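Student: Predicted structure and sequence below. I'll ask about it afterward.
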Amino acid sequence: MVNDRMRARCAVMALALLSACPVVAQTSAQPPAAQMEEIVVTAQQKRKQVISDGNIGVLGSKSALETPFNVTTYTAQLILDQQSETLGDVLKNEPSVRTTFGSGNQSELFVIRGFPLSGDDVAIDGLYGVTPRQIVSPELYDRVQVLNGANAFLFGAAPSGSGIGGSINLIPKRADRTLFRATASYGANSILGGNVDVGTRFGGDDMFGVRVNGVYREGDTAIDRERREVRAAGVSLDARIDRVRGTLDFGYEDQRAFAPRPEVQLAATAAVPRVPGSTDNWAQPWTFTKLRDIYMLNRYEVDLARDWMAYASGGFRDGHEDGEYSTVTVTNGATGAGTQSRLLVPRQDENRSAQAGVRGKLKFEGVSNEINAGGSLTYAENRNSFAFANYAAPLRASCGAAATSFCTNLYSPVLVDKPANGTLGGNLDNPPPVTKTLLRSLFLSDTIGILDNRVLLTGGARRQFMKIDGFDRNTLARTTHYTAAATTPVVGLTLRPTESLSFYANRIEGLAQGPIAPTNATTLNPGQIFAPFTSAQYEVGAKYEVHGLTATVALYQTTQPNSFNKPTPTPGNPGATTFVVEGEQRNRGVELSFNGELTDQLRFIGGITFNNAEQVKTLNGVNNGKKAVGVPDYQVNLGVEAVLPFLPAATFTGRIVYTDAQFVDVTNARQIPSWTRFDVGMRYVLVADTHPVTLRLSIENIDDKRYWSSSFGGFLIQGQPRTIKASTTFEF
């Protein structure tokens, strides 16, 4: 007969949906209804939203205090609780990151420690090239891991050459228990939808697992005339058979945006215009972005012996993108007058990625060694074409616009009919290959531990081989051929004087493809291939854990080479230039973060970042010491969640986001002002027949502040208007 204590324990576990418990007889005593409700509510409140553990690339999963790097991991619970719809929504919690757009389109671009990370360079389970490249639905993932800092050894060189300031790694969901969760949502003006999350384990010893996720949303956003549609699905299978573990993940995403509000460019002499109304939209009605991605990952792990494991993983992505884009270029900042053009871009991506290695531990006379060795391969093929448009003279005469543009105004947009194609590049129906990238690498590392692993020293290196080919869209001839190799070392030190405190330091490098000198009449070294850019990072920091809270402080410096055209006049060519790699940007910063539960009723998410990003080597030194474009000195993302004693089923949330002023150009002649945004929300947990039902309401930018949120890359991005989100989650 199961005793009362065991019955209560099983009830707690079952009602909290954390694991299965033994079946008890109907005559068994059950906790009172009020007690069961309290148990369910408490279990929901305590689910982790942020952890500091994470997957450190080839080093594997590490706890926060044994890692010589600054890692923050946002969980599926945070994604659910904050009603996050894109990766950018998740990273509103991260003070070291700002989300902006790519050049001319709706792709999310992440700026980490002042350096860009493109959507092409976001990894899934440690593999590049597999993630949907523009917009990602976070509901399909169990973890969103942010590693601040250079990472060429840990993850390898990123395919598109970004990621110098940090990386993002997505971890697919796994079936750890029987689960059925359904969420219905409403947001903005009329976005209706929801998602489902179903999983179970079966077979002897629960050796097999399946997890299925689906997402659907459609409707008008808070921006005038802008409409979004999202369809996404993911299936994760796993097996644990004796000493072998395997996973198989499939994903599908279909993201669509119609008349999305575009970014704003400034003409060379135009001042920064005042910010339009928070919901204003200058997009042309025929503009859109359609993104369709299908991807698959497969991973195997085999225990070779005690503390030794071999692993191999591989994946692919097939991506299709179609977009009609129309960016405004402001020529008069005072009046908002400017021009607008049209660009059609069909694109296809065929990517493959693989990694294999061995990881194991040795111990001899009190000294431990954790050895990692292996290799990786990433292949990315980009096919695309483009079309500009020619506009009739009456549409462009008043402002003297070129044939590919028409006259408009940021504050009184001129809406025109969709024009016919003008200048073409490539076959629009069957885009030709434009670039083919092959990255291969070999890596080896050893982490030495002494004094019962209170001192950990990591040393390693990755040898990276790059091969990039470029092709003419029209003739299909190969126009560039790039082969290069580089070695990126890493040294990391962790000192752990107590169980709750650690100090760390690292020296690690970033790696990106070196540039190729342009081919034109004025460049004296056309086609010259430069060695890969190697960025050096130095970092020291400390981590402290108290209750469920991890506090981290990090100080870092990263230097990144830059290229430019150096005037080199000749008697026959006075405007001649030489393309050189003689520039440099140096980012120095301090990060302070607080993530987790200080008490059972109080949770912090976020922190403060200071980043001094300077141009230290520029053409003729004229801009030496000036700030880098689009990198603010201060960033604050600080969220608080509180459970009040007199209303234990409710969680009240608040967040402040502050971004300092940002310069628009390298001369620092123009800048956008600092801005502050406030978000608030509430969650309330009900219990229906022992099942939790969670009601959520959040308001982002509660005072509907209008502001330029970013000037990175010289593009102005307007911040989102007041946005209301509501959802209800049923869990069985």
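Tutor: Good, I have the coordinates. For clarity, every value in this text was computed on a predicted model and none was experimentally measured.
Student: can you give me the helices for the stretch 351-500 of the chain?
Tutor: Taking DSSP state H, counting those that start in this stretch as the criterion, the stretch 351-500 of the chain contains helices spanning 393-396.
Student: right, I mislabeled it, should have said the chain
Tutor: Assignment of helices within the chain using DSSP state H yields the ranges 4-15, 33-45, 76-81, 87-90, 152-155, 393-396.
Student: Check these for me and report the most buried one.
Tutor: helix 152-155 (a mean of 26; mean count of other C-beta atoms under 10 Å). Every C-beta, even on glycine, is put in place using the N, C-alpha and C of the backbone.
Student: Just the CA trace of that helix, in CSV.
Tutor: Coordinates of each C-alpha in helix 152-155 appear next as CSV, following Å, rounded to 0.1, in the frame of the first residue of the first chain:
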residue,chain,number,x,y,z
ALA,A,152,35.7,31.0,-34.4
PHE,A,153,37.2,28.1,-32.4
LEU,A,154,33.9,27.1,-30.7
PHE,A,155,31.6,27.1,-33.7
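Student: That one packs against which elements?
Tutor: If you count contacts as 3 or more C-beta pairs under 8 Å, 6 or more residues apart in numbering; DSSP states H and E, helix 152-155 packs onto strand 166-172, strand 455-471, strand 478-498, strand 501-512.
Student: if I pick the closest residue to residue 648 other than its chain neighbours, what's in contact with it?
Tutor: Nearest residue to residue 648 in three dimensions, chain neighbours excluded: residue 41, at 6.4 Å (C-beta to C-beta, 6 or more residues apart in numbering). Applying C-beta atoms under 8 Å, 6 or more residues apart in numbering, we find residue 41 in contact with 648, 649, 685, 687, 692.
Student: Show the contacting residues for the nearest residue to residue 355 once chain neighbours are set aside.
Tutor: Residue nearest to residue 355 in three dimensions, not counting chain neighbours: residue 376, with 4.3 Å by C-beta to C-beta, 6+ apart. Neighbouring residues of residue 376 by C-beta under 8 Å, 6+ apart: 156, 353, 354, 355, 356, 439, 440, 441, 443.
Student: Return the set of residues that bridge with residue 376.
Tutor: On the basis of DSSP bridges, residue 376 is bridged to residue 355, residue 441.
Student: what about it, distance to residue 303?
Tutor: 22 Å (C-beta to C-beta, to the nearest Å).
Student: just residue 197 next, same as before
Tutor: For residue 197 relative to residue 303 (C-beta to C-beta), the value is 30 Å.
Student: burial of residue 606, as a residue count?
Tutor: Number of residues near residue 606 (other C-beta atoms under 10 Å) recorded here: 24.
Student: Identify the residues contacting it.
Tutor: Taking C-beta under 8 Å, 6+ apart as the test, what residue 606 contacts is 93, 94, 95, 593, 594, 595, 636, 637, 638, 639, 655.
Student: Apply 10 Å and report the result again.
Tutor: By C-beta atoms under 10 Å, 6 or more residues apart in numbering, the residues touching residue 606 are 50, 72, 92-95, 592-595, 635-640, 655-657.
Student: Of those residues, just the buried ones, ChimeraX syntax please.
Tutor: Under the burial definition 16 or more other C-beta atoms under 10 Å, those of the contacts of residue 606 that qualify are selected in ChimeraX by:
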select :50,72,92,93,94,95,592,593,594,595,635,636,637,638,639,640,655,657
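Student: Now go through the contacts of residue 606 and say which are in strands.
Tutor: Using DSSP state E, 50, 72, 592-595, 635-640, 655-657 are the members of the contacts of residue 606 that sit in strands.
Student: which of those residues lies closest to residue 225?
Tutor: Within those, the smallest distance to residue 225 is 25.9 Å, found for residue 657 (C-beta to C-beta).
Student: how far does stretch 180-198 stretch from start to finish?
Tutor: 5 Å (C-alpha to C-alpha, to the nearest Å).
Student: I should have written stretch 359-373 there, sorry.
Tutor: 7 Å.
Student: List the buried residues in it.
Tutor: Quick answer for stretch 359-373 (16+ other C-beta under 10 Å): 359, 360, 368, 370, 372, 373.
Student: Give me the buried subset of the contacts of residue 376.
Tutor: By 16+ other C-beta under 10 Å, the contacts of residue 376 give 156, 353, 354, 355, 439, 440, 441, 443 as buried.
Student: Looking at these, which two lie furthest apart in space?
Tutor: 353 and 443 (15.0 Å).
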